[in-house]
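In: Test case, fold it:
(one chain, ligands or ions: 2)
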Amino acid sequence: MRSLRICPSILSADFSRLGEDVRAVMEAGGDFVHVDIMDGHFVPNISFGPAVMKSIRHVTNKPFDVHLMISPVDPYLDAFAEGGADIITVHAEAGPHLHRTLQAIRKLGKKAGVSLNPGTHPSAVEYVLDDIDLVLVMSVNPGFGGQSFIPSSLEKIACVRDMIGDRHIDLQVDGGVTAENAGQIAAAGANWLVAGSAVFKGGAAKYADNITAIRKTALIARGEMV
Ligand code: DX5
Ligand code: ZN
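Out: Numbering: from 1, shown residues only. Ligands and ions are numbered 1, 2, ... in the order given. Model prediction:
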């Protein structure tokens, strides 16, 4: 079984003190920094760009997992690689040449991920499974934090998990993940859980408890904790 990872989405951080807040959430036990990049075109919201990401890269040694919700994406891959991304995830829906985009990410020496919107069939990743390190199943429509988990995502997670088979590919879920549903999500086969509001709620004093609560229910569902 692939290792469980909790990936705080820094979209829910306090942007007025982003570096400090990212440091705090990683010190509180986050495994990967999940960076949501939105362009106001592929998704109906704008977050920030590679320069802002680069400016906070030094606050932690933990990997940066960069979720690009932008189209076209190819012209920006270099900037995010240079800005300190370790994993670059693109949307299957964002461009006509997914395979070419994935080759470009790998050529930059980064791990490559593909994300699927809630309405996208899992078959969209089928023919690139040998070219990727991560599949990201969106469990909300991308663009905003704080939305509710779409229940049909559980069936999709299980379907993608089957498609992955024995390949060395992690399965990430993003959107509406909480300590209440993390068990079902992990049981369906996801091993990287992104959480924004469920991690950042209550302020820095609560980050460690919030992360632990999500991790605990997922570990119990995986049979790794009683
Ligand atoms: C949504 C982003 C998510 C989001 C998660 O477009 O990709 O990473 O910030 O936030 P929560 O956990 O609040 O749904
Ligand atoms: Zn995301």
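
In: by contact count, what packs against whichever helix in the chain runs longest?
Out: In the chain, taking DSSP state H as the definition, the longest helix is helix 207-221. For helix 207-221, the packing partners by 3 or more Cβ pairs under 8 Å, 6 or more residues apart in numbering; DSSP states H and E come out as strand 5-8, helix 18-27, helix 182-188, strand 192-195, helix 197-200. Yep, even glycine has a C-beta here, placed from its N, CA and C like the rest.

In: and these as TSV, adding mean neighbour count?
Out: Below are the helices and strands packed on helix 207-221 laid out as TSV (neighbours: other Cβ atoms under 10 Å):
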stretch	mean neighbour count
strand 5-8	25
helix 18-27	19
helix 182-188	21
strand 192-195	27
helix 197-200	24
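
In: one step back: contacts for the longest helix of the chain next, please.
Out: Residues from elsewhere that reach helix 207-221, judged by Cβ atoms under 8 Å, 6 or more residues apart in numbering: 4, 6, 8, 24-25, 28-30, 177-180, 182-187, 193, 195, 198-202, 225-226.

In: and of the helices and strands packed on helix 207-221, who's closest to ligand 1?
Out: Nearest of the helices and strands packed on helix 207-221 to ligand 1, taken as Cβ to the nearest ligand atom: helix 197-200 at 3.4 Å.

In: rewinding a little: the longest helix of the chain vs helix 18-27, what angle?
Out: Angle, helix 207-221 to helix 18-27, by axes from the mean of the first three to the mean of the last three Cα atoms, to 10 degrees: 40 degrees.

In: surely residue 32 meets residue 10?
Out: No - using Cβ atoms under 8 Å as the test, residue 32 is too far from residue 10 to be in contact (10.6 Å).

In: residue contacts, residue 25?
Out: 8, 10, 13, 199-200, 204, 207, 211.

In: Find the closest residue to ligand 2 in this structure.
Out: residue 67 (3.7 Å; Cβ to the ion).
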